[in-house]
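Trainee: Build me a structure from this.
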Amino acid sequence: MEQREKFSSRIGFILISVGCAVGLGNVWRFPYIVGKYGGAAFVLIYLVFLAILGLPIMVMELSVGRASQRSAAKSFHVLEPKGSKWHFGSYLAIAGNYLLMMFYTTVGGWMLIYVKKMVFGEFSGKTVEEIGGIFNETLASPGSMTGGMVIVVLLGFLVCSMGLKKGVERITKWMMSLLFVILLILCVRSVTLQGAGEGLAFYLIPDFGKIAESGAGEVIFAAMGQAFFTLSLGIGAMAIFGSYIGRSRSLTGEAVHICVLDTVVAFLAGLIIFPACFAFGVNPGEGPGLVFVTLPNIFNQMSAGRLWGVLFFVFMSFAALSTIIAVFENIISFSKDLWGLDRKKASLINGIGIAILSLPCALGFNIWNFIQPMGAGSTVQDLEDFVISNNLLPIGSLIYLLFCTSRYGWGWKKFTEEADAGAGLKFPKWSRLYVSYVLPVIVLIIFVMGYWQKFA
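Mentor: Numbers count the residues shown, from 1 in each chain. Predicted structure coming up:
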């Protein structure tokens, strides 16, 4: 069997894992829900849930990857007790990675399109309505949507085809380093705008009244959901990086580093968005509207706004591409584990496959917009996002949890031995009852509430 590739450095492993976790949701969802649910007060609740919910599942995914030395396509087969059926979870993981890329590549394409629009000054002198119109025109153009998506797929698989160390690790290190530099530059610019103080106060000073206003239950569920979904756990996207590292460091300590850096990116995104929105009297709305309408409108009003706009969308492109490259690496590893393909062949076949599979999403906003699977006004992307976010991530996380804690699975003893191998923070032994019985119930609640919010 071919020798398994390894990361050349610990920082490479941490940065690519952070790159996988840092998605666009960190930028357009986190600041919005922080503002909606009481600023710093919400951040505190969110951090608690990140520690008690996201962190243990991440350690489990990394442990399964490192112990099996396989991707999620084969890791359960290697570790499960003979005759058991845990490997059915691998089919969910495989489906989850492909499905995530079927819509994420389109959103990545939007970012590249907007870098180009900013460079060529397409927003200069435009009104708020005209900027909104530009976004709608982009969605309505099959050529732009498909072109952006195909470029993202080509870039991602090109990086992966160059190898783990020379391609994925090297490029991601550069991208994530530049991402942090651009983030800090944009933060400094935003917090020094005239009138930014009000936005900083809104974001950083806890307002417990807002929690009471929204209802403690709703706020707690929002914090729980954000902590859970921000790390994309449950589909083995992290497990692959566990399989590429040695046993010199304990996995709990590494998972803490990943969670901290992921949160820093989300937090800094808020430091860009809130001061800027308040400085220019703009409502920091949720979702694509914030990124593609509100922020170009703000950059328009700033001195040297075009430069800040270009930097912002380059940062957004890096956030999207780091996730895409990480998941593509996982998909290539599936092909190697399942069919014995070499890296170049796996990159070529999957590149063509993902581009074709992504077409329904890219065209679902224009020539296929008559397909409205989630009700009037919905798109193919809404369905794909619902299947993965509300189904595959929670169900997959539950499988990892039960597999690592149940005596009918891999089991607590083997899991903690793997997690604790090496120097660094150990997985707390006292948490056994919590992760075996309480955490699975919390994940089930998230799963049920996802349906409740969507349909009730």
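Trainee: Distance from stretch 232-245 to the middle of the chain?
Mentor: Put simply, stretch 232-245 sits 13 Å off its chain's centre (Cα atoms, centre = their mean, to the nearest Å).
Trainee: and if you look at stretch 419-432?
Mentor: Here stretch 419-432 is found 25 Å from its chain centre; the criterion is Cα atoms, centre = their mean.
Trainee: So what's the residue count around the closest residue to residue 426 other than its chain neighbours?
Mentor: Excluding the flanking residues, the one nearest residue 426 by Cβ to Cβ, 6 or more residues apart in numbering is residue 420, at 4.6 Å. (Glycine included, C-beta is placed from N, CA and C.) Neighbour count for residue 420, taken as other Cβ atoms under 10 Å: 18.
Trainee: Which per-residue confidence value corresponds to residue 286?
Mentor: As predicted, residue 286 sits at a pLDDT of 68.
Trainee: Now residue 262: which helix or strand?
Mentor: Using DSSP states H and E, residue 262 falls within helix 251-279.
Trainee: follow-up on the earlier one: go ahead and confirm the residue nearest to residue 426 touches residue 252.
Mentor: Yes - checked against Cβ atoms under 8 Å, the pair residue 420 and residue 252 is within contact range at 7.5 Å.
Trainee: who touches the closest residue to residue 284 other than its chain neighbours in this structure?
Mentor: The shortest distance from residue 284 to any non-neighbouring residue, by Cβ to Cβ, 6+ apart, is to residue 277 (4.3 Å). When contacts are counted by Cβ atoms under 8 Å, 6 or more residues apart in numbering, residue 277 touches 199, 283, 284, 294, 298.
Trainee: Turn those residues into TSV, including neighbour count, distance to residue 222 and secondary structure.
Mentor: Shown next, in TSV, are these (neighbours: other Cβ atoms under 10 Å; distance: Cβ to Cβ, whole Å; DSSP: H, G, I helix; E, B strand; the rest coil):
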residue	neighbour count	distance to residue 222	secondary structure
199	25	21	helix
283	10	19	coil
284	24	16	coil
294	23	21	helix
298	23	25	helix
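Trainee: could I get the residues you listed as TSV with distance to residue 397?
Mentor: As requested, the contacts of residue 277 are exported to TSV (distance: Cβ to Cβ, whole Å):
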residue	distance to residue 397
199	34
283	34
284	30
294	32
298	37
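Trainee: farthest pair in these?
Mentor: 199 and 294 (12.9 Å; Cβ to Cβ).
Trainee: which stretches of the stretch 151-300 of the chain have low pLDDT?
Mentor: For the stretch 151-300 of the chain, the stretches flagged by pLDDT under 70 are 286.
Trainee: wait, isn't residue 363 in contact with residue 144?
Mentor: No - taking contacts as Cβ under 8 Å, residue 363 lies outside contact range of residue 144: 11.4 Å.
Trainee: Show the contacting residues for the residue nearest to residue 114 when sequence neighbours are not counted.
Mentor: Closest residue in space to residue 114, ignoring its immediate chain neighbours: residue 313 at 4.5 Å, by Cβ to Cβ, 6+ apart. Residue 313 is in contact with 111, 114, 115, 118, counting by Cβ under 8 Å, 6+ apart.
Trainee: top of those residues by neighbour count?
Mentor: Tallying neighbours with other Cβ under 10 Å puts residue 114 at the head of these, with 27 neighbours.
Trainee: and the helix or strand hosting it, which residues are buried?
Mentor: Counting by DSSP H and E, the element that carries residue 114 is helix 88-119. Neighbour counts using 16 or more other Cβ atoms under 10 Å place 89-90, 92-115, 117-118 of helix 88-119 among the buried residues.
Trainee: same question, stretch 400-416
Mentor: Buried residues in stretch 400-416, counting neighbours by 16+ other Cβ under 10 Å, are found at 400-406, 409-412, 415-416.
Trainee: what does that stretch rub up against?
Mentor: With contacts defined as Cβ under 8 Å, 6+ apart, stretch 400-416 is touched by 56-57, 60-61, 63-64, 67, 76, 79-81, 84, 86, 89, 233-234, 427, 429, 432, 435-436, 439-440, 443.
Trainee: Isn't residue 226 up against residue 31?
Mentor: No - under the criterion of Cβ under 8 Å, residue 226 makes no contact with residue 31, lying 11.0 Å away.
Trainee: joint contacts of those two?
Mentor: Common contacts of residue 226 and residue 31 (Cβ under 8 Å, 6+ apart): none found.
Trainee: Tell me how far the helix holding residue 262 lies from the chain's centre.
Mentor: Its chain's average C-alpha position is 13 Å from that of helix 251-279, according to Cα atoms, centre = their mean.
Trainee: what's the following helix or strand after it?
Mentor: Once the chain leaves helix 251-279, the next helix or strand it forms, by DSSP H and E, is helix 288-289.
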